[in-house]
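A.B. asks: No letters, just coordinates:
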Ligand SMILES: *Cc1c(COP(=O)(O)O)cnc(C)c1O
């Protein structure tokens with residue numbers, strides 16, 4: 001089986017399941033018993049596969065990890081309670097005082113906040129315009145350990161120079177981490193541009209129903225961990241391909257406890273079954289709406305990579321299956337974004353994205369409020385900006401609603 005959806009649907013059944021059940025059961029045990037005492041010792045020493053304690057490993061979560069690995073065409077995945085827990089685990093496990101991180105300046109707000117906290121802990125961070133690999137190259141130092149970018153940034157939809165940065169990182173032996181949340185592995189697989197690790201917030205498109213949180217880190221197998229200076233001696237054993245994720249699991253999951261529960265893993269696995277169907281539908285809706293907004297007299301600007309006027313339109317068309325479901329619109333300066341939002345009936349005013357329902361939020365006053373006006377201005381976020389995460393509703397309903405809410 002090669003197809004994306006066929007493989008997700010049948011991945012649990014690659015292992016026998018009790019009673020011929022079609023889904024991996026939800027496991028709730030905190031601990032796992034062993035008949036032979038020697039076996040638990042071998043599990044703890046990494047000599048035998050097995051379950052120790054549910055903060056570190058749970059069979060339902062392992063089944064989801066295998067699905068994410070298949071989706072990303074990687075070699076292994078570790079899941080976490082949230083996307084932020086996953087990003088935190090990677091940085092906490094892999095960086096040391098004096099190290100340098102180069103990150104895109106166009107970042108999910110909480111990732112931006114997390115990276116600023118790293119600077120309090122002796123890790124230096126350079127934020128650069130990652131739409132051009134030359135800006136990343138100019139920021140590199142001898143202490144640079146990681147380059148981190150998103151695929152389509154939030155809220156202005158900049159598309160990183162994913163290929164150029166991949167080539168640069170390969171040439172310099174740097175660990176390249178791509179946050180694939182906005183595209184999901186259905187639209188794009190970062191392994192194809194040389195990413196060593198892929199981060200996904202499972203909360204968004206992969207789960208898709210806005211009813212569960214989760215995060216994942218996938219090792220693509222493209223990075224040579226023997227070149228990474230910060231791997232502890234205890235994890236430098238055997239095949240180097242497993243070193244990085246092992247250290248992330250031990251230092252970033254076991255020791256910090258951002259664990260995904262079995263129940264949440266089950267809900268995410270159910271959502272993942274329909275990822276391709278949902279994302280094609282919501283992206284189709286998004287493109288139709290973006291064309292409607294483009295040139296509408298109430299709207300100054302539309303940020304959507306599917307429009308030919310978008311600065312990275314060609315790159316997005318070449319790299320991604322479609323342009324996704326996230327867009328922002330900037331209202332004419334005399335219009336009040338709160339009034340427009342209140343006039344809409346279908347979009348729910350909400351901070352999430354990647355839900356089946358269309359969600360809308362005023363950006364400057366909410367998710368990007370804490371960073372202040374100067375950083376907002378540097379990111380191109382105006383007070384009249386509304387971010388939209390387009391859902392799978394019937395397009396005629398969405399069009400009618402926006403036609404009614406936007407002053408002609
Ligand atoms: C939402 C999001 C995250 C964080 O995920 P949570 O599951 O909400 O913790 C990280 N990166 C991007 C791009 C996101 O959109």
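C.D. replies: Happy to help now that I have it. Worth saying up front: this structure is predicted, and the values here are computed from it rather than measured. Numbers count the residues shown, from 1 in each chain.
A.B. asks: Quick check: closest non-adjacent residue to the closest residue to the ligand within the stretch 1-150 of the chain.
C.D. replies: The minimum distance from the stretch 1-150 of the chain to the ligand, using Cβ to the nearest ligand atom, falls at residue 83 (2.3 Å). All C-beta atoms are positioned from the backbone trio N, CA, C, and that covers glycine. Using Cβ to Cβ, 6 or more residues apart in numbering and skipping the chain neighbours, the partner closest in space to residue 83 is residue 201 (2.7 Å).
A.B. asks: what about that neighbour, how many residues close to it?
C.D. replies: Counted by other Cβ atoms under 10 Å, the residues lying close to residue 201 total 28.
A.B. asks: Report the contact partners of it.
C.D. replies: With contacts defined as Cβ atoms under 8 Å, 6 or more residues apart in numbering, residue 201 is in contact with 82, 83, 84, 86, 179, 181, 214, 215.
A.B. asks: Could you dump those residues into TSV and include pLDDT?
C.D. replies: Listed next are these as TSV, based on pLDDT from 0 to 100:
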residue	pLDDT
82	98
83	98
84	98
86	98
179	98
181	98
214	98
215	98
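A.B. asks: Mark which of the residues you listed are part of helices, please.
C.D. replies: 83, 84, 86 (DSSP state H).
A.B. asks: Please give the number of neighbouring residues around the second one.
C.D. replies: Burial of residue 84, expressed as a neighbour count using other Cβ under 10 Å, amounts to 20.
A.B. asks: OK, contacts around it?
C.D. replies: Contacts of residue 84 by Cβ under 8 Å, 6+ apart are 110, 111, 114, 201, 215.
A.B. asks: In a helix, the second one, correct?
C.D. replies: The one in question is residue 111. Yes: counting by DSSP: H, G, I helix; E, B strand; the rest coil, residue 111 is found in a helix.
A.B. asks: so it touches residue 177, yeah?
C.D. replies: No: between residue 111 and residue 177 there is no contact under Cβ atoms under 8 Å: 10.9 Å.
A.B. asks: neighbour count winner among those two?
C.D. replies: residue 177 (26 against 23).
A.B. asks: Compute the distance between residue 210 and the ligand, please.
C.D. replies: 11 Å (Cβ to the nearest ligand atom, to the nearest Å).
A.B. asks: pretty sure that residue is touching residue 348, no?
C.D. replies: No: in this structure, residue 210 is not within contact of residue 348 by Cβ under 8 Å, at 9.3 Å.
A.B. asks: ok, these two, which is more surrounded?
C.D. replies: Legend: neighbour count by other Cβ under 10 Å for residue 210 and residue 348, higher for residue 210 (19 against 16).
A.B. asks: Who's the closest spatial neighbour of the more buried one, skipping the chain neighbours?
C.D. replies: residue 355 (3.8 Å).
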